[in-house]
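Trainee: A structural model of the following input is requested.
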Amino acid sequence: QVQLVESGGGLVQAGGSLRLSCAASGNFFSINVMGWYRQAPGKQRELVARISSGGSSNYADSVKGRFTISRDNAKNTVYLQMNSLKPEDTAVYYCNCNARIRDLVGPLYDYWGQGTQVTVSS
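Mentor: Below is the predicted model:
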């Protein structure tokens, strides 16, 4: 099993920056993709950014050029640096990963963090 613990959310003015962190712990063989999703009130959860264990990343169009995802494989931690924040970035941000629990050829399982609130004031 994998536990994901997020930190770094908060209240910031438009144009400001925040850095989210998410650390994975538990009993697992390896973590494959790690990523961040967000859900605003009344909207569906959407992908913000994700990154593979090899460092390949992709972003939602709405955050390209403003957000940067990175990870430290030795610490099983993923980060999201958010710059030039806009009020429309306000949402609960969820960390996500998929992991192999037993060995290299076993199935991938999906895990979610509890979420951290990001509020951008205008």
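Trainee: quick check: chain neighbours aside, which residue is closest to Gly9?
Mentor: Leaving aside its sequence neighbours, Gly9 sits nearest to Thr116 (Cβ to Cβ, 6 or more residues apart in numbering; 3.4 Å). C-beta here means a position set from N, CA and C on the backbone, and glycine is covered the same way.
Trainee: is it correct that the one you found is in contact with Tyr93?
Mentor: Yes - at 5.4 Å, Thr116 counts as touching Tyr93 under the criterion of Cβ atoms under 8 Å.
Trainee: joint contacts of those two?
Mentor: Taking Cβ atoms under 8 Å, 6 or more residues apart in numbering as the contact rule, Thr116 and Tyr93 both touch Glu6, Gly9, Leu20.
Trainee: most remote residue from the middle of this protein, which is it?
Mentor: Most distant from the centre of the chain: Val105, at 24.9 Å, with distances by Cα atoms, centre = their mean.
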